[in-house]
Structure formats: structure tokens, C-alpha cells
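Novice: Sequence and predicted structure, then a few things I'm wondering about:
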There are 4 protein chains.
Amino acid sequence: MDRYISVKDLEDGALELLPKAVRDYYKSGATEEYTLAENRRAFQRLRIRPKCMIGVLNYNLSTTVLGETVTMPVGISPTAMQRMAHPDGEVANVKAAEAAGVIYTLSTIATSSIEEVAEAAPNAIKWFQLYISYDRQITKELVLRAEKAGYKALALTVDTPLFGIRRADIRNKFSLPTHWRLANFDDLSSTKIHDAGEGSGLNNYTDGLFDKTLTWDEIKWLKSITKLPIVAKGILRGDDAVKAVEAGCAGILVSNHGARQLDGVPATIEALPEIVDAVKNYNVEVFMDGGVTTGTDVYKALALGAKMVFVGRPALWGLAVGAQEGVQHMLRIFRNELECTLQIAGTPTVADITKDMVRHESAYSRL
Amino acid sequence: MDRYISVKDLEDGALELLPKAVRDYYKSGATEEYTLAENRRAFQRLRIRPKCMIGVLNYNLSTTVLGETVTMPVGISPTAMQRMAHPDGEVANVKAAEAAGVIYTLSTIATSSIEEVAEAAPNAIKWFQLYISYDRQITKELVLRAEKAGYKALALTVDTPLFGIRRADIRNKFSLPTHWRLANFDDLSSTKIHDAGEGSGLNNYTDGLFDKTLTWDEIKWLKSITKLPIVAKGILRGDDAVKAVEAGCAGILVSNHGARQLDGVPATIEALPEIVDAVKNYNVEVFMDGGVTTGTDVYKALALGAKMVFVGRPALWGLAVGAQEGVQHMLRIFRNELECTLQIAGTPTVADITKDMVRHESAYSRL
Amino acid sequence: MDRYISVKDLEDGALELLPKAVRDYYKSGATEEYTLAENRRAFQRLRIRPKCMIGVLNYNLSTTVLGETVTMPVGISPTAMQRMAHPDGEVANVKAAEAAGVIYTLSTIATSSIEEVAEAAPNAIKWFQLYISYDRQITKELVLRAEKAGYKALALTVDTPLFGIRRADIRNKFSLPTHWRLANFDDLSSTKIHDAGEGSGLNNYTDGLFDKTLTWDEIKWLKSITKLPIVAKGILRGDDAVKAVEAGCAGILVSNHGARQLDGVPATIEALPEIVDAVKNYNVEVFMDGGVTTGTDVYKALALGAKMVFVGRPALWGLAVGAQEGVQHMLRIFRNELECTLQIAGTPTVADITKDMVRHESAYSRL
Amino acid sequence: MDRYISVKDLEDGALELLPKAVRDYYKSGATEEYTLAENRRAFQRLRIRPKCMIGVLNYNLSTTVLGETVTMPVGISPTAMQRMAHPDGEVANVKAAEAAGVIYTLSTIATSSIEEVAEAAPNAIKWFQLYISYDRQITKELVLRAEKAGYKALALTVDTPLFGIRRADIRNKFSLPTHWRLANFDDLSSTKIHDAGEGSGLNNYTDGLFDKTLTWDEIKWLKSITKLPIVAKGILRGDDAVKAVEAGCAGILVSNHGARQLDGVPATIEALPEIVDAVKNYNVEVFMDGGVTTGTDVYKALALGAKMVFVGRPALWGLAVGAQEGVQHMLRIFRNELECTLQIAGTPTVADITKDMVRHESAYSRL
Ligand SMILES: Cc1cc2nc3c(=O)[nH]c(=O)nc-3n(C[C@H](O)[C@H](O)[C@H](O)COP(=O)(O)O)c2cc1C
Ligand SMILES: Cc1cc2nc3c(=O)[nH]c(=O)nc-3n(C[C@H](O)[C@H](O)[C@H](O)COP(=O)(O)O)c2cc1C
Ligand SMILES: Cc1cc2nc3c(=O)[nH]c(=O)nc-3n(C[C@H](O)[C@H](O)[C@H](O)COP(=O)(O)O)c2cc1C
Ligand SMILES: Cc1cc2nc3c(=O)[nH]c(=O)nc-3n(C[C@H](O)[C@H](O)[C@H](O)COP(=O)(O)O)c2cc1C
């Protein structure tokens, strides 16, 4: 593991190891992948303004998220079908999160079941990512299983009435390798995904599964069947954030789905301030994911008002390179970079990271 | 066709297939081709702001243009001499438009005649692009023939007192291959184009054909000879748009002629808002073309006030790669990308795409 | 000549033909050559806003400069030692200017004398570029000779208390090849330039020649010895332009000496508006040079208030490639591109090119 | 030496000569090295506005710094362990500074001792860079030794509670070659640095040495043990500058530690105006370092309010390439470029370089 110094190293290592179709599925963004690049570049347009001589007695990365304490403000976003990265898949991933004391979010479209994951890491703080099916019975069962298995929140993905266009997947006629299954569903439906037909096989399958007609009213129904707090995942506008909160969501996850849904949307770090501002008078936590690969990225998001950030692909790279140990190494890199950042920036605890710590580069063009 | 996933793929395929002189003629822009690149890049400076959970019941791409219903807000701009791309030329192109239910615009300088095109696709919504000749009799005949053949509008090109400088054409001494003719003219004049002389052969010919002394008063004369609505094609300024409307035009096509006339003019998507704003109190429809190659490009133009967009080169690439089927494939790609965009952006009908859906990147530099 | 379609073509051709030391001397800019690149790039940040259907009856490129009529608003800036480009040097250059009806400016540091040049092209509109020597007698003689030989103006270079640092020249220990002489001086002084010593030989020589202690008061002295109008060449600030005019200059040539003096100064097209604005209430003509290589560059400068532009290196490239005919070809390219621009932009005479015809790209970021 | 025309040449030469681990240690910046690149690029966004015809009688680069006269406003920043660049290390460096009449700053972590350096160059203006150890006795001794040896100021590094993450050093398991020692410390502690362990050996060592708990109150203690003026090195915010001054510092060195501490902080030339503005009503001198490699860089910093600039790496490159003579050559390049800049810009003395001489590029986007 030692030769992986940065998340970029893990990515490079993983891209070399993975078979083409899987590699493409993991790394792709929507159509021309402009937003995919912007998710990273937009961080570079922000400047951290370190404070000197503040007396770093004890630095402390821990924070609370929806009432749970995590050891650092970096969690793992849901990504589908993790066993393609490594046979241990979601199980290795959640164990790494447990060992590191951070949140793990399980995808609806996982290759390990809600229960498998819960048993593998009983002490991990687990969230369950939800896609709502046309058949509400299916959804209800998923939610009840997650609640029963000790998951702490539902991350309701609100940006996916259908999957975005990912050209490489279409070219590769990507589908789940036949030796894996969508573990949260009965075998019947979960095999459809193996048949690519035209375009990506995944799309054929999920087009049937996702309910496109959802509105914010659905939150009411969800709250009627579960006590779990609901996080709206995929918000990019202030007004939508307000709608989510007023509909009953306890958290907002600013996300563009890893730039996989619609090319040309804002980078998430660009959209974050608008959302933080829109909900500032509500009792709600704002998170973000998208393009986070360094400790300073995390820091910038926190300064702009995120309570925590999530990472999607970095966990896949860790998994591919070294199963549980690879994911733990990825988290260690973030922890190390973030510890360093907090101290050098002169804000030794997460609470110290005020908005004043970051400025947009354009502010420096005024002499 | 299946291996062409994007308009870019079609372009790459076509550029490989076409002979050099034709390829250069089709793809070139004026002088240094800075605006040619900007026509594409300027779209990247705009961000789509998707709305979540709006309940996509039925999405619908259809819209009306000058009273006619089209199946989607993407039409085909006039491009000269399409038989150089494929022997079926304009005929294949218009049939594709007919099959897809979109507008086809025939160039004055076509290698198929007004009547050939009309007969090939009687149910297509056809527009005729007009260059006005010094000899008004020639022009009058063209207009009457178009009206008689069932064309629905005249796209009067207003940005071409003479052709711009396209360096590759001069280098190639480009002229129409001798086995093709400018089908809308009697044989005599239409053969001049085969003689390159100095510079591009096309220029020699058209310099004689176009009337440089035109003013907006000409619209009055046009309206005296035809009932067809007139669309001013090639507007880049708000004040010109107002002049066009006050002169009697029913539509404005914001265009820089595919960046082929004058290098250094605004990208069309840059110029669009100024024009929409200038004519907002008039009863006129605003369209745009230039650099549109993805569904999100179309979407951005619609959000900024275009009623519809047109594409020029993409139809040539489709034609080169697969005749009618190639053009239909190109239109299918746009339809598919646009359907996806409408749904993910949370604006399932064209009417839902309000200005609020798009923001300039610079708006995101304010923290 | 026909294979040179653009000024860029001429440049490429010349760079291939010239020996390294000469090529480097001609093309170099100061130190890191950032401003050299910016002189070109800054033009790309400006957009031309063409007007349609204005009725191009007769276009006309001619204009007047300090009372003299020129056939187009493009003249030739002084560049030193033109015989290095071609044995015909300044003589070929001035003949080309004469044939084309444009201004030729002879450098003080020329390889052809004031008289040779005047005799070669008696009907050319000639300016003499002046460096003022510590020995005012030398300067006085130059001025009187120029006036007597029929030169129409003095371009007093005000940006050169000493030459800027051009790294390639130092590396090459550049000096004038021994078979050429500085033709405006007696043989004694003009041979010093052949001895490079440390650094560029040219610098050693000119450091002795230029009077660094000049102030604007010197204009008074100049006006006491000559009736020729004085153009201050090398202004980059509004306040300096005002000082020049108040000191008695009839023209301002906004120039950064082809980016050869100080790296990091504004591109000239950037600086132009400030200067035009500063002297708008004075009776003075403003010119510019620096990075002009296309007809649209000329057009943009005129729109921002320049009465005419000058080109330095393009004349050297023409000279290198084809002596007098090469320079004429260069001028033909400008004329052709400019004619085309005027017509397509809808401003058929130079007087029509108002400020409104050009906008900075940043204006297009407001939606 | 003559073949090194620019600081860039010296850098290229040095990078070729140095062994990989040393080269990487010297050139690296923190994590992704974005700020490292910005330290240079940010200078390019500033424009110098030269004044013409001001009468350059005598130019004069000398200035005073904390009461001492220096021959030019360029000094040498502290960089650790200079004997790795050349066996003569700090001794060669200080002698070059002495010969050139500029300030030399000795690092706490030097491979030559306070006394060695003082003896080698008794007439040099020497500053001592201070890291404060947990063991204040160690620090006190260093300070007293520096004062006794004739150092003129203490540069207290305030941006380093711990070292930033430099990936190449971790990869190289960088540590001080065993034949060198940290000369300012007794042998016991200074050998720890040779043992890399995990990560960079340097970090292991210094983590033990630096006191992270420092606050601005420490200045009081420092002032109680020494009369030397204290310069706070590493300030990037206006409010921190005010704190430093109010705590008793006589100078502020705007620095991001050569972009080695935290990636994503402002370029120093970006941060400078904020700091100059914040302390404008205090009696304090502001300096800057970071990315300065040309005479125009120095000039821009002076125009924005720096009293002097410092260079770190350029001295290492000079040292590597030619020991004392290499460093003197580096200083000569700066002096030469700066002399040229002062004269051409029309500000022959340092005091003439007012804020008005520089503008941000963005100011040129207003037409
Ligand atoms: C391969 C892959 C699969 C994903 N699958 C899901 C998913 O099943 N459900 C979901 O809500 N988000 C999914 N996402 C989006 C992630 O939750 C997250 O928003 C995104 O990866 C964050 O961007 P990053 O990868 O740059 O960290 C997926 C992302 C990737 C890259
Ligand atoms: C090869 C070619 C030929 C064209 N011929 C004509 C024409 O005959 N008449 C006309 O009005 N516009 C003509 N145009 C301009 C197009 O109508 C349209 O404005 C432009 O192609 C749109 O840009 P796009 O190619 O990026 O989609 C031509 C464009 C191209 C590329
Ligand atoms: C090789 C060369 C020599 C020059 N010699 C002189 C000169 O002798 N006197 C002068 O005032 N300007 C001189 N200049 C500056 C030019 O007059 C003019 O300002 C500059 O070349 C314009 O920029 P351009 O080359 O991009 O057109 C010289 C420029 C070059 C490139
Ligand atoms: C190799 C190296 C070692 C350094 N060591 C120290 C040091 O020991 N103490 C310190 O305060 N700064 C140190 N610095 C920072 C420099 O003092 C200075 O701030 C920086 O090098 C300026 O940027 P420049 O290298 O671009 O000129 C070091 C920098 C480098 C490159």
C-alpha cells in the first residue's frame, strides 16, 4: 500500500488493474465529460487562507452527522456493484469504513445485500441509498430491511429519473458480469441486468425499476413507513434544497452523481454555496460529493458550509487495489491530508473552519 | 450506424471518408477559425441547473415553429452542395428530416433542385434558404418555385454580401466537382462554379450572384411577391434583430454562418440573449445555429430563449457516413440526448425550459 | 507568392529561410515573451458585431493620416536593419509601400540611408523614426536630412531609454553582419555594432547612442528645428499620451515596441482604449502597432479608436520571402482581409467603424 | 556562467546536475503543486505600465530594509540544508550575498552553523530564520548565538506548525545524506534526520522539533531575550499581519513557504495587496517571496507595496550550478533585469515605483 501516496495514485493503480468495461463504467461521466473535469477543476478556483500562530494544541477531525459521531468529515458515497472492483465488494468497503469510523452508504443496486453488509460490519455507521421503484412494495421492503439491519439514514437519490448517457458504457454494451447479482432483489429481476440489448444493459434494467413520476410528496410516504432520517441526494439548486427540507428531509447531499447524469451541470463545489445559503434558516445538514480527492478539497467544502463530504470513486479505487485494506488506505490518505490541512490552516477542529477561510480566486483580481 | 454514439463520432467518421477538398470545404471557418472553436466552447461556459423530483409523467420534445409542429426543436440548416457528401445529397437529407418530423432547409446553392427535393419528401416541413441576386428576376423565380413546391418559409441569409475567407478552400482552389451542378439555376450560370481561377471557385461564382447592395427595404419587395414567412438568417446584434422584425420578418435565426463569414464575431450562443432581449416585445420567433452538437447544447439555447436550433455540419457528417440513414441517425442522437436532458433537468416539455434553468459560469464565482 | 495565403504563412516561410541569428533577432520579445504572445491573444478577446443588410455600394479602405491620404489604414512600422532579411532591405520595403499607397517608416538604425530610401520611392509617404542621440548635432542632422528628403513625419520613439533584454540575442551574441552598415551614420560609429562583446552587440552600440535623459521638453527643441509633425511612438498610458500632446506631438503611436522592451506590459490593443479616451478632447491622431496580423485585428483597433495601425514583423516576413513583391503580397493580404471584413461587418468605409462594432468578450458573460 | 542568461536557465542547469532526491526536495511544493505553479502564473496576470521620457539620469536600485542599506531590493530567503546543493552550501551562499550587498537569511535547519556563516561573510547583512522548539532553551541559545554573531534580524517562520506534505519526498523517503549534519544543533538530535522511517525523514525529525502550540504571545518572550527586530515569515492574510505587528513584529514577510506547506493557498503576489492594505497605518515593512524569478516579478511586487522581495530556490539553483559564483550570477541576472525594468518603466529609483505602475489584467477588460 505504501507506494500509493495519494488518491490519484490509487486511481492510477486501479485503472491499470480493472478490466476495460468495469474501468469505463466506474470512471465515466455523462456524454462529453465536461462536468466530470469541472468537478475537480472547480476546487482549484478556491483559495485557502491559513491563519498563523493559533496554537495547535489538539487537532480533532471528528464531527457529528445526523447525531452520529464520525472520526472525520469524509464518508463513502453509494456506488453500484462494488464486487466488480474486487470480489469482496461492499463487504470489504463497509469493513474499512467501520475500522476508520466513517459512514458507509450502500447502494440499492449493490452486489451485496443489505443484511450481508450489516453483518460484516455491525458497528459501522451505515446509510442506505434508495431508488424508489414503480412497485412501492419493493421499495417498502428495502426500507424496512435497512431499518431493521441497523442502517442510520436513507440517502434518497433525487437526481435519477433515468440514468444519464455514458458513452463508454454504450460502446462496451456494459452489463453486470453474470457471476454477480443485484443482491438486494430476488433473483428474477436482478438477472435482467446481464442482458445488454441495445445500449448499456444497466439502463435497460433500471429504466424499469426507477419511478420517474416521483415528486417531493413522496417524502411523506417514506416518513410514514420509516423513522430513519432522509437525506436528499443530488440537489444542485437552492430552491430544490428548500423543497427537500420542507418536504421533511433531514439532510441535503449536494451532488451531481459524480457528473454521470447530465453533462454541463455545475460542479458540486460551485453549487454548494447557493444551497447552504438557501437553507441557512432551516435545521438541516448539508453534505456534498463529487471530485473530492484531496484533504484540501474536503477543507474547502467544509469552509463553504458542508457538514461533511462523501467520496464515490476513491473507494472503488481503494477496493480495486487492495480490498478492505485498499479502502482503509484511501481513508488514511484523506485523514492524513486533512489533519495536515487543519493544522497548517490554523483551524484545528472542524468547527473552526469558517467561511472566511476560503476565497474565490476572482476575489484576488481586485488590487 | 450503431458504432456512432455521438455527433462527434459521426464527424470523425465523415472526416475520414470525405476527399480532402470536400472535407476542408465543409469543416472550415473564416480565416483563423477562432470563432469556429468558440461556437463550441461558449456552450461550455453555461451551466444547466436541473430540478429534482418534478414527476416526469410524459416528456415531450415537440414544439411549433412558425405555426408548424415539429417533433423536436432541432432542424437542419441550409448547407450548399450536399451531393459532395453523398450522391443522394439533399434528397437523402430531406427524406431523413421527413422521417424524423423536423425542418429541412434547402440552400439556394444546392446540388438538387427545389422540385426534386419537394418531390422526394412531400410531407417534410421544408424551408428554402434565399440568396438575393443582382438580377431580381432570378430571385423571384426561385421564390415562386419554392412557394409552389410547398416550402413553408424563406430563410433569407443576411450575413453574406460576399463569402468569408476560408483559407483551406483557397489553398485547395476548391470548386464544385464537374459531375455536379447547381441544380436551382440554368446550366449556363451554374457551370461557372467549376472554374476556380484564383482563390476559391465558389467565391468567383457567388460574387457575381449575390447582391451586396441589399438593405432591409428588400423585405418589402419579397413580401410583395410571396406569402411565405421570412426568417432573417445571420443576425448577431439586438438592433439588427429589431430592424429585421420591423421590416417584416417573422423569425430571426441567430447565426454566424457556421463561423465561415467573419472570424472574431461572437459565438452564436453568446449573442443569443442580446437578441432575445431586443425583440421580447415583438411577435417573432428566435432561432439559432452554430456549434450545436449535443442535446445539452440544444437545451441551453432553448433556455436562453431560442424557439428552436438548427444544425448545419452534423447533417453533412450523417450524410457522408450513411446517406439518409446517417442523417436520421444524427437526428436520433439529438433526440435521445435531448429526451434524456429534459427528464433529468426536470423540465419534461419544451415549454418548461425557462431561463432560470441555465446560468453563466461566471455567476458561480461569487461565493 | 500564391502559396502564402495569410501573414502567418509568410511568417512560417520567412522563419524557415532566415539564418538563426537574424530570425531570432526579428522574432524575439523581451525576456519571457509573455507580452509577445499577449499582443496577439488580446485581439481574440474582442468580438466584432457585424451589421447586416446595410447596402454595400462601394467599400473604401482609404483614410487620411496627418493630412496625407493612404489607400488603407495599415502602414509599416520602423524595424531596424532590414537588409538582413533581404539584400534589398529598406529599399524593397519602401517601394512596396509606394506601390500599395501606404506609409513606410524608416528606422534610425537602418541599413539603407534616408536618401537611398527617398530616391527609391519618391512618391511613397515616408516617415522617419527617430532615436535622439546624446550628441544633438547627430540628431539634428538626421532630422534635417529626413525633412529635406521629403519625409512627412517624425516618429519619435519614446519607449527606449535603452533596449530591452532579448535572451536569444544575448545567446547568439547577435550583431549586424559585417557586410552591412548602419547607413544613416558615418562609417566610424556604425561599425561598433559589429562587435558583440558581452551580450548583444546591438545593445553595446545603442547604449552609447540613445539619450536616456530625455523628457517631454525635448519636443520643444525638435519643433524648433523642424516643421515635420511629431508622432510619439511607444505610449502605453493615458497620462503619457496627454503629456505627449501637450508637449506638441501631432500623433500618438500606441506601441510596446513589438513586446521587445519590457515583458509584462499591456498588449497594445489592451492599452489603446485608455489612450483614446485620455486624448479625446485634443486634436491628435492615435495609431497603434503590435501583433497585428489579420484584417480583423486592424478592424478591432480601428473600432477602438485607432486612426490607423502599423505592422512591424509582417513586413520583415514579406521581405525575407520575396523582397519588394513579398512585402506587397503581405499588404495585399491585409487589404483583401480588410475589404472582406468591412463589407461583411456592414461598415463599408473606415469612418463607419464606430466603437459599437466591437465588444470585449467579458461583456458576453452577462446573461 | 555566461550560458545562463536567466534564472530559468540556472534552474534547468541545476535540475540536471542534482541527484534525484535532492532535486525533488528542492523543487517540490505541497501535494498537487497547484499553488507552486500559481506562484509564478499570478505574476503574469499583472501588467506594468511604463512611463516614457521621464529623464533617466541615474537609476538606483538600492533601498533600506529595517534600517540597513542593500544594493537592491532582492534578498535570499532561508532554505534548509544547502550543502546538498553544493559542498560549500550556506557558506558560498552568504559570501555571494556579501559580494552583492544583499541580505542572506540562514535557516535554522542549515548544514552550516550560525558561526561558520558569520565568519565566512562578516560584512554580509545576515538574518537568522527561526523555528521555535518545544524546548525553549534550545531556541534561546539559537537566538543569542545569532545576535552575538552579528545577525541583523530574526525571520520567525509562522506558517509551519508542521511541514506540509511533499509527495516526492515521501516517495523518495527523503532524508539528509549522512555526511551532512544540521549544524546548528548538537550531534545527538541532528542525526535523527538521517532515518527516514515512514514518510520523509525530515518530517519525523522536525515534528519533534517545532512547537505547534505557538501563539502571537510568543513574540513577547522573544523580545524579552533579544533586541533583534522580528520579521513574521509566512503571512497570507491581512488580519494576521495586523496581529503580527501588534504583537511587536517589525516586518511582515508575505510567503507561502515556496508553496510547500499547503496547496491551494493564494499565490503570494495575490495575497500581497491585502496585507499591505491591512498594515498601512502601522510602522512596519512588508516583504514577499514565492515564485520570483525575473526582474519584472520584483518590480510588480514593489509596485504592490513590498519593500523588498526574497528568493529561495533561485539561490539553490545558483549554488548547484556554480557555488558562490553561481549565486552571484543569479543575483547579477536579477540586478540586470531590474535595472533594465526600472529605466524602461520610467521609475529610475525604487521610491518611484508607485502602485499606479501596475494593474491587474482584469482591469483591461473594460473597454
Ligand atoms: C460507478 C459509480 C456508481 C454509482 N452508483 C450510484 C448509485 O447506485 N446510487 C447513487 O445514488 N449514486 C451512485 N453514484 C454516485 C455516487 O454516489 C456519488 O455521488 C459520486 O460518485 C461522487 O463523485 P466522485 O465519484 O467524484 O466522488 C455512483 C457513482 C459512480 C462513480
Ligand atoms: C459547408 C457549409 C455550407 C453552408 N452553406 C450555406 C448556404 O448555402 N446558405 C446559408 O445560408 N448558410 C450556409 N451555411 C451555414 C449554415 O446554414 C449554418 O448557419 C451553419 O452551418 C451552422 O453551424 P454548424 O455547422 O456549426 O451547425 C453553410 C455552412 C456550411 C458548414
Ligand atoms: C526586428 C525589429 C526591429 C525593430 N526596430 C525598431 C526601431 O529601429 N525603431 C523603433 O522605433 N521600433 C522598432 N521596432 C518596433 C516596431 O517599430 C514596432 O513597434 C513593432 O514591430 C510592432 O509590432 P509587430 O512586429 O508585432 O507588428 C522593431 C521591431 C522589430 C520586430
Ligand atoms: C528547499 C527549500 C527549503 C526551505 N527551507 C526553509 C526553511 O528552512 N525555513 C523557512 O522558513 N523557509 C524555508 N523555505 C521557504 C523559503 O524560505 C521561501 O519562503 C521560498 O523558497 C520562496 O519561494 P521561491 O523558492 O519560489 O523563491 C524553504 C524553501 C525551499 C524551496
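Specialist: Nice, thanks for sending it over. Ligands and ions are numbered 1, 2, ... in the order given.
Novice: which non-adjacent residue is nearest the residue in the stretch 251-367 of chain A that ligand 3 sits nearest to?
Specialist: Residue nearest to ligand 3 within the stretch 251-367 of chain A: residue A:365 (27.1 Å; CB to the nearest ligand atom). Where C-beta positions appear, they are placed from N, C-alpha and C, glycine not excepted. Spatial nearest neighbour of residue A:365, chain neighbours left out: residue D:362 (4.4 Å); criterion: CB to CB, 6 or more residues apart in numbering or on different chains.
Novice: How about residue A:231?
Specialist: residue A:251 (3.7 Å).
Novice: so how far is chain C from that neighbour?
Specialist: 32 Å (CB to the nearest CB, to the nearest Å).
Novice: Briefly note if stretch A:34-50 comes near chain D.
Specialist: Yes: contact of stretch A:34-50 with chain D (CB under 8 Å from any CB of the partner chain) involves A:43, A:44, A:46, A:47, A:48, A:49, A:50.
Novice: Correct me if wrong: the last one contacts residue A:343.
Specialist: What that stands for is residue A:50. No: in this structure, residue A:50 is not within contact of residue A:343 by CB atoms under 8 Å, at 9.6 Å.
Novice: The two: who's more crowded?
Specialist: residue A:50 (27 against 19; other CB atoms under 10 Å in any protein chain shown).
Novice: need the residues of the stretch 201-350 of chain A near chain D, please.
Specialist: A:294-296, A:299-300, A:336-337, A:340-341, A:343-346.
Novice: So what does residue A:238 look like in phi/psi?
Specialist: phi -60, psi -40 (degrees, to the nearest 10).
Novice: Mind listing the strands the host helix or strand of residue A:310 pairs with, and their directions?
Specialist: Assigned by DSSP states H and E, residue A:310 belongs to strand A:308-311. Strand A:308-311 has its sheet partners listed here by DSSP bridges as strand A:74-76 (parallel), strand A:285-289 (parallel).
Novice: any chance of the ones you listed in TSV, with mean neighbour count and distance to ligand 2 too?
Specialist: Output for the strands paired with strand A:308-311, formatted as TSV (neighbours: other CB atoms under 10 Å in any protein chain shown; distance: least, CB to the nearest ligand atom, whole Å):
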stretch	mean neighbour count	distance to ligand 2
strand A:74-76	27	43
strand A:285-289	26	35
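Novice: Between those strands, which one is closest to ligand 1.
Specialist: strand A:285-289 (3.9 Å).
Novice: Name the spans of chain A whose pLDDT lies under the cut-off.
Specialist: The model of chain A has pLDDT under 70 over residues A:186-208.
Novice: Look up how far residue A:139 lies from residue A:145.
Specialist: To residue A:139, residue A:145 is 11 Å away according to CB to CB, to the nearest Å.
Novice: Looking at these two, which is more packed in?
Specialist: residue A:139 (21 against 16).
Novice: burial count for the closest residue to chain C within the stretch 1-150 of chain A?
Specialist: Nearest to chain C in the stretch 1-150 of chain A, going by CB to the nearest CB, is residue A:45, at a distance of 15.0 Å. Residue A:45: 16 surrounding residues under other CB under 10 Å.
Novice: For it, which residues are in contact?
Specialist: A:360, A:361, A:362, B:365 (CB atoms under 8 Å, 6 or more residues apart in numbering or on different chains).
Novice: For the buried ones among these, write the corresponding ChimeraX selection.
Specialist: Remark: buried members of the contacts of residue A:45, expressed as a ChimeraX selection using 16 or more other CB atoms under 10 Å in any protein chain shown:
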select /A:360,361
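Novice: can you list the contacts of residue A:45 in CSV and add secondary structure?
Specialist: Listed next are the contacts of residue A:45 as CSV, based on DSSP: H, G, I helix; E, B strand; the rest coil:
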residue, secondary structure
A:360, strand
A:361, helix
A:362, helix
B:365, helix
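Novice: Let me see the contact set for the residue of the stretch 251-367 of chain A closest to ligand 3.
Specialist: D:45, D:360, D:361, D:362 are the contacts of residue A:365 under CB under 8 Å, 6+ apart.
Novice: how much space between the third one and residue A:365?
Specialist: The one in question is residue D:361. Taking CB to CB, one finds residue D:361 at 8 Å from residue A:365.
Novice: again with residue A:79
Specialist: Taking CB to CB, one finds residue A:79 at 38 Å from residue A:365.
Novice: Next: residue A:278.
Specialist: Residue A:278 sits 27 Å away from residue A:365, going by CB to CB.
Novice: Kindly report the same for residue A:17.
Specialist: For residue A:17, the distance to residue A:365 - CB to CB - is 43 Å.
Novice: Contacts only, for the residue nearest to residue A:231.
Specialist: A:65, A:66, A:153, A:229, A:230, A:231, A:232, A:284, A:285, A:286, A:287, A:307.
Novice: between those, which has the most around it?
Specialist: Greatest neighbour count in the contacts of residue A:251, by other CB under 10 Å, goes to residue A:232: 30 neighbours.
Novice: backbone phi and psi for that one, please?
Specialist: Per degrees, to the nearest 10, the backbone of residue A:232 is at phi -80, psi 110.
Novice: What of the one 4 residues further on?
Specialist: Dihedral pair for residue A:236: phi -130, psi 0, per degrees, to the nearest 10.
Novice: Roughly how far does it sit from residue D:77?
Specialist: From residue A:236 to residue D:77 the distance is 44 Å (CB to CB).
Novice: just so I have it, where are all the helices in chain A?
Specialist: Along chain A, the segments classed as helices by DSSP state H run A:7-17, A:20-27, A:34-44, A:89-100, A:114-120, A:136-148, A:167-172, A:187-191, A:201-209, A:218-225, A:238-246, A:268-278, A:295-303, A:313-344.
Novice: any idea which of those helices is most buried?
Specialist: helix A:295-303 (a mean of 28; mean count of other CB atoms under 10 Å in any protein chain shown).
Novice: what number of residues lie near residue A:267?
Specialist: Residue A:267 has 26 nearby residues by other CB under 10 Å.
Novice: nearest residue to it other than its sequence neighbours?
Specialist: Excluding the flanking residues, the one nearest residue A:267 by CB to CB, 6+ apart is residue A:42, at 3.5 Å.
Novice: isn't that neighbour right up against residue A:291?
Specialist: Yes: here residue A:42 reaches residue A:291: they are 7.3 Å apart, a contact under CB under 8 Å.
Novice: Let me see the contact set for the residue most central in space within chain A.
Specialist: Centroid-nearest residue in chain A, with CA atoms, centre = their mean: residue A:77, separated by 2.4 Å. The contact partners of residue A:77, taken as CB under 8 Å, 6+ apart, are A:105, A:255, A:258, A:289, A:310, A:311, A:312, A:315.
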